[in-house]
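Peer 1: sequence-free structure coming up:
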């Protein structure tokens with residue numbers, strides 16, 4: 001995985017501060033090179049989420065029974081309604097160590113240009129755990145088929161949009177939007193009885209939208225000798241407002257096979273799934289430097305891009321999933337897990353279903 005590029009997205013404001021020169025052509029060249037680097041970082045980060053999102057949300061709408069029965073003919077309706085919450089651990093312990101290393105490199109660059117004094121340093125105080133948990137959730141409903149042995153499931157959840165467009169104080173601000181919707185159809189090739197398990201094959205579609213925004217401010221001191229693009233000497237206490245937004249919409253079609261068997265009040269199950277994903281992606285980033293509330297154009301820039309990634313670019317993911325449910329009266333408490341062979345990530349979830 002390319003997660004090492006994630007931290008660079010946090011550091012671009014500091015790198016921007018290293019663009020020091022009395023030559024406006026050199027400043028322009030440095031900003032152009034930085035723009036290419038920042039755009040590459042954002043695209044690499046998006047590629048990480050393209051892999052994470054389909055797998056991390058694949059347990060949404062899960063039903064332990066491989067087939068819940070037919071609505072007609074039947075003495076009772078076959079219906080299941082529930083909620084499910086899952087977590088996918090993403091390794092990220094290297095971020096803190098690399099943050100310190102790159103902060104040191106940025107400090108050295110600023111000192112060598114004379115933008116900061118020898119006694120100063122330019123660092124970011126981000127602390128990351130060894131593992132970052134990626135959460136997902138859903139509200140689901142499933143109804144049995146009519147006459148034929150199939151069932152249909154629907155699930156979804158959304159947080160709405162909660163984005164900021166400006167840095168706030170000197171602390172990082174993380175904002176996001178999460179939306180997940182899905183539907184599938186399962187056909188029972190074995191309806192199950194006292195001897196045989198339930199076995200179904202199915203296909204479905206899942207949409208996941210993940211928008212992430214990070215913004216922060218950082219102060220530093222520009223030493224005398226630095227010149228803006230118009231040749232104006234600049235020195236004094238300065239501030240960089242910086243941030244970026246990532247926007248990823250994944251469209252995943254999947255096929256699956258599932259088997260389950262109920263023993264008294266316990267239903268274990270196991271399944272295999274193949275996921276085919278395309279992604280609509282976009283990002284924008286900016287850094288703006290100010291000296292006494294006056295913008296420094298030489299240390300400011302922004303960019304944005306929208307594009308589409310195809311099935312062949314995102315790749316096909318294969319997954320094994322399974323779990324067990326405890327069935328008491330009309331309620332199922334479900335423990336579920338999945339392993340994605342493509343991303344090599346585990347996902348675990350807990351769900352509660354009301355089932356007739």
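Peer 2: Cool, got the structure. Keep in mind that what you see is a predicted model, and the values were worked out from it rather than measured.
Peer 1: for residue 193, helix, strand, or coil?
Peer 2: Assigned with DSSP: H, G, I helix; E, B strand; the rest coil, residue 193 falls in the coil class.
Peer 1: neighbours around it, how many?
Peer 2: 8 (other Cβ atoms under 10 Å). For every residue, glycine as well, the C-beta is placed using N, CA and C.
Peer 1: do the same with the one 5 residues further on
Peer 2: The local packing count at residue 198 equals 25, with neighbours defined by other Cβ under 10 Å.
Peer 1: and residue 51, by the same measure?
Peer 2: So residue 51, with other Cβ under 10 Å, has 22 neighbours.
Peer 1: ditto for residue 53
Peer 2: By other Cβ under 10 Å, the burial measure for residue 53, its neighbour count, is 26.
Peer 1: SS state for it?
Peer 2: Quick answer, by three-state DSSP: residue 53 is helix.
Peer 1: how about residue 140?
Peer 2: Secondary structure, three-state DSSP: residue 140 is strand.
Peer 1: ok, it - contacts?
Peer 2: By Cβ atoms under 8 Å, 6 or more residues apart in numbering, the residues touching residue 140 are 60-63, 80-84, 153-155, 353.
Peer 1: let's check: the centremost residue of this protein is which one?
Peer 2: When Cα atoms, centre = their mean is applied to the chain, the residue found nearest the centroid is residue 49 (4.5 Å).
Peer 1: is it fair to say that one lies in a helix?
Peer 2: Yes. Counting by three-state DSSP, residue 49 is found in a helix.
Peer 1: ok, back up a step: between the contacts of residue 140, which is nearest residue 208?
Peer 2: residue 60 (8.9 Å; Cβ to Cβ).
Peer 1: report pLDDT for that closest one.
Peer 2: Residue 60 carries a pLDDT value of 91.
Peer 1: that one - that's part of a strand, no?
Peer 2: No. With three-state DSSP as the criterion, residue 60 is coil rather than part of a strand.
Peer 1: that one against residue 85, yeah?
Peer 2: No. Contact criterion Cβ atoms under 8 Å: residue 60 and residue 85 do not qualify, at 9.5 Å.
Peer 1: what sits in contact with each of those two?
Peer 2: Residues touching both residue 60 and residue 85 by Cβ under 8 Å, 6+ apart: 136, 137.
Peer 1: when these two are compared, which one has more neighbours?
Peer 2: Neighbours were counted for residue 60 and for residue 85 using other Cβ under 10 Å; residue 60 has more, 25 against 16.
Peer 1: how deep is the nearest residue to the more buried one once chain neighbours are set aside tucked in, by neighbour count?
Peer 2: In this structure, residue 60 finds its nearest non-sequential neighbour in residue 138, 3.6 Å apart by Cβ to Cβ, 6 or more residues apart in numbering. Residue neighbour count, defined by other Cβ under 10 Å, stands at 24 for residue 138.
Peer 1: quick revisit: need the per-residue pLDDT for the residue nearest to the centre of the chain.
Peer 2: Taking residue 49 on its own, its pLDDT is 84.
Peer 1: could I get the contacting residues of it?
Peer 2: Counting by Cβ under 8 Å, 6+ apart, residue 49 touches 210, 246, 248.
Peer 1: what does residue 76 give?
Peer 2: residue 356.
Peer 1: give me the residue ranges of this structure where confidence is low.
Peer 2: 1-31, 33-34, 37, 92-128, 161-174, 216, 223-231 (pLDDT under 70).
Peer 1: this protein: strands as residue ranges?
Peer 2: With DSSP state E as the criterion, the chain has strands at 79-91, 131-144, 150-158, 173-190, 198-227, 233-260, 266-291, 294-309, 316-328, 331-340, 345-355.
Peer 1: turn these into a markdown table, columns for distance to residue 56.
Peer 2: As requested, those are arranged in a markdown table below (distance: least, Cβ to Cβ, whole Å):
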| stretch | distance to residue 56 |
| --- | --- |
| strand 79-91 | 4 |
| strand 131-144 | 5 |
| strand 150-158 | 13 |
| strand 173-190 | 9 |
| strand 198-227 | 8 |
| strand 233-260 | 10 |
| strand 266-291 | 11 |
| strand 294-309 | 17 |
| strand 316-328 | 11 |
| strand 331-340 | 9 |
| strand 345-355 | 6 |
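Peer 1: quick one: closest of those strands to residue 32.
Peer 2: Judging these by Cβ to Cβ, what sits closest to residue 32 is strand 294-309, at 9.1 Å.
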